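>>> Let's see this in three dimensions:
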Amino acid sequence: LTGTPKTSGFSKVSLLLLKIERPPNTPITEIRTSNSNIFFISGNFTVKYAHLQMFTNITNIIYGPNLSFDSVALSERTKHVHKIHAYKGKFIPQLAEAILRKNFKKGDLILDPFAGSGTTLVQAQELGINSIGIDIAEFNCLLSRAKTNTYKTRLLTQDAQKLLSALHSQSKTGRPLDEIKPLKSSGNKYLKAWYMPTVLKQLTILRTELSKIKNKQNKELLTIIVSRAAKSALATPHADITTLKKPVRKSYYCTKHKKTCKPVTDIKSKFKSYLIDTLSRVEEYEKIKTSAFTKVVIGDIKTLHLNK
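Modelled structure (predicted):
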């Protein structure tokens, strides 16, 4: 099975032979891809120039066709809590669900050592599969917990209203930036560069009100909503929102919307819309989630002692 295949790709039978015919006691230690080719490396034994169609065939055998799920509507790919905050590089829930359904059953336990935004944990919880998610990034763990926590709707709505009321009643005067105590002077310089003064005062108000929320689960979810609003209010061109390049302080021509735009100077409407959207998504998920065990752990999987 070496050399360039004469046909467009190996057959499904050839794929199975690839797994059987490699030398004994030489497990595949690395898989590399280059253009349309895939390389299976096992010690000094390498299967070269295996067309990527092979990989498609074998995944079709295991999981069924079209794992790209390109026919799935965007609303389904970002269903319920999966869209409460942007996260670069996450995979769609339908892929996680397909893998979970194939390899796990209700009541099993899955460990995700690189939990990211918690996509696997949410889908496992939806299917009744217990899960433990580990991630080295504290924000990732916060986001995963916010998605998988259980909430009391009435109490959550009350806490959310407190933030919204504080923002509307105090945003005219604002509060001094010095109230953001955890941030050092360098942090303030960063914030002043990337946020308009009125927005920074509004974020200060929200941060102060968040510190007053007593319910831990509610505070974490509301922190995610504030973070979402803060991200959308960055003083940057819309086209650069995911890769910050240079702050803008005045109107500019927006290459994304093909019109003149200006930096955000008030986040009240955005925060309110994100609040309503998130509470709706949480309520939707509460109706279908199971009582499966979910644990989120902050740490480096290379050094973490799981027995603890």
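
>>> For Phe89, which residues are in contact?
Quick fix: residue 89 reads Gly, not Phe. Residues counted as contacts of Gly89 (C-beta atoms under 8 Å, 6 or more residues apart in numbering) are Gly116. For every residue, glycine as well, the C-beta is placed using N, CA and C.

>>> Give the helix, strand or coil label for it.
Three-state secondary structure (criterion: DSSP: H, G, I helix; E, B strand; the rest coil) places Gly89 in coil.

>>> Next one, pLDDT for it please.
In the prediction, the pLDDT value recorded for Gly89 is 83.

>>> Lys287 too?
At Lys287 the predicted local distance difference test score is 94.

>>> Begin at 177, not 1, for the rest of this chat.
Sure thing, new numbering starts at 177, so read that last one as Lys463.

>>> From Leu455, how far off is it?
For Lys463, the distance to Leu455 equals 13 Å [C-beta to C-beta, to the nearest Å].

>>> Could you do Gln337 as well?
Applying C-beta to C-beta, the value for Gln337 to Leu455 is 10 Å.

>>> residues contacting the nearest residue to Ala405 once chain neighbours are set aside?
Nearest-residue entry for Ala405: Phe447, 4.4 Å, with adjacent residues in sequence omitted and distances by C-beta to C-beta, 6 or more residues apart in numbering. Residues in contact with Phe447 (C-beta under 8 Å, 6+ apart) are 339-340, 343, 378, 382, 401-402, 405.

>>> Make sure Phe447 is indeed in a strand.
No - going by three-state DSSP, the assignment for Phe447 is helix, not a strand.

>>> Now do it against Thr333, distance only.
Taking C-beta to C-beta as the measure, Phe447 falls 15 Å from Thr333.

>>> would you turn the contacts of Phe447 into JSON lines with distance to Ile308 and secondary structure?
Converted to JSON lines, the contacts of Phe447 look like this (distance: C-beta to C-beta, whole Å; DSSP: H, G, I helix; E, B strand; the rest coil):
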{"residue": "Leu339", "distance to Ile308": "31", "secondary structure": "helix"}
{"residue": "Leu340", "distance to Ile308": "35", "secondary structure": "helix"}
{"residue": "Leu343", "distance to Ile308": "36", "secondary structure": "helix"}
{"residue": "Gln378", "distance to Ile308": "37", "secondary structure": "helix"}
{"residue": "Leu382", "distance to Ile308": "32", "secondary structure": "helix"}
{"residue": "Ile401", "distance to Ile308": "26", "secondary structure": "helix"}
{"residue": "Val402", "distance to Ile308": "27", "secondary structure": "helix"}
{"residue": "Ala405", "distance to Ile308": "30", "secondary structure": "helix"}
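
>>> Among those residues, the buried ones, what's the ChimeraX command?
If you want just the buried ones from those in ChimeraX, going by 16 or more other C-beta atoms under 10 Å, the selection is:
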select :339,340,343,378,382,401,402,405
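
>>> mind checking pLDDT for Leu193?
Leu193 is assigned a predicted lDDT (pLDDT) of 35.

>>> any idea where the strands of the stretch 377-484 of the chain begin and end?
If you assign secondary structure with DSSP state E, counting those that start in this stretch, the strands in the stretch 377-484 of the chain sit at 428-430, 435-437, 470-474.

>>> quick one on the thing from earlier: and Gln337 and Leu455? Which one has more around it.
Counting neighbours by other C-beta atoms under 10 Å for Gln337 and for Leu455 shows that Leu455 has the greater number, 18 against 11.

>>> these two touch, right, the more buried one and Gln334?
No - between Leu455 and Gln334 there is no contact under C-beta atoms under 8 Å: 11.4 Å.

>>> Distance check, the residue nearest to Ala405 against Pro373.
17 Å.

>>> Could you do Arg383 as well?
16 Å.

>>> what does stretch 281-293 contact?
Contacts with stretch 281-293, where a contact means C-beta under 8 Å, 6+ apart, come from 261, 263, 265-266, 276, 280, 296-297, 300, 303-311, 316-317, 319-320, 323, 466, 468-469, 472, 477, 482.

>>> Any buried residues in it, and which?
Buried residues in stretch 281-293, counting neighbours by 16+ other C-beta under 10 Å, are found at 286, 288-289, 291-293.

>>> again, but for stretch 271-280
Residues of stretch 271-280 classed as buried: 271-276, 280 (neighbour count, 16+ other C-beta under 10 Å).

>>> Which of the residues you listed fall in helices?
Using DSSP state H to define helices, the subset of these located there is 271-276.

>>> can you give me the angle the helix or strand hosting Leu318 makes with strand 470-474?
With the criterion set as DSSP states H and E, the secondary-structure element containing Leu318 is helix 314-324. Relative orientation of helix 314-324 versus strand 470-474 (axes from the mean of the first three to the mean of the last three C-alpha atoms, to 10 degrees): 170 degrees.

>>> Give me the local confidence score for the closest residue to Leu318 other than its chain neighbours.
With C-beta to C-beta, 6+ apart as the measure, Glu396 is the residue that lies nearest to Leu318, at 5.9 Å, once sequence neighbours are left out. pLDDT, Glu396: 97.
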